[in-house]
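Chemist: Just to be clear, the model below is a prediction. Sequence and coordinates:
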Amino acid sequence: MKQSDFERLPLRKKVYYVLERGKAITARQFLHYHIKLYAYAEFYIELWYIPATNKIERVELLSLDDVLHIYKNDFDISELLK
């Protein structure tokens, strides 16, 4: 699936595809959100989950640059730079 096709899907379908076919990479917390990063197809997606309501509120597509910036402390890429 292309990124543009994914973006046009309704929220419920996006969540379904990510949970069924995506690969969980890492997670973080922000305010009251639990945010989980997934690799899906050839792009990266964050699911923004609110535990208090048991709902996924947002599905955000991220570029590789965004992933590296946001999650820079979660990955050790020093071996790749040698």
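Modeler: Structure's in. What do you need?
Chemist: okay, which residue is most central for this protein?
Modeler: The residue lying closest to the centre of the chain (Cα atoms, centre = their mean) is residue 46, at 2.2 Å.
Chemist: Might you report the residue contacts of it?
Modeler: By Cβ atoms under 8 Å, 6 or more residues apart in numbering, the contact list for residue 46 reads 35-38, 58-60, 62. The C-beta positions use only the backbone N, C-alpha and C, and glycine is treated the same way.
Chemist: For PyMOL, write the select line for the buried members of those residues.
Modeler: Selection of buried members from the contacts of residue 46 for PyMOL, criterion 16 or more other Cβ atoms under 10 Å:
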select buried, resi 35+36+37+38+59+62
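Chemist: what about the residue nearest to residue 14 when sequence neighbours are not counted, which helix or strand?
Modeler: Nearest residue to residue 14, sequence neighbours excluded (Cβ to Cβ, 6 or more residues apart in numbering): residue 59, at 4.3 Å. Using DSSP states H and E, the element containing residue 59 is strand 55-62.
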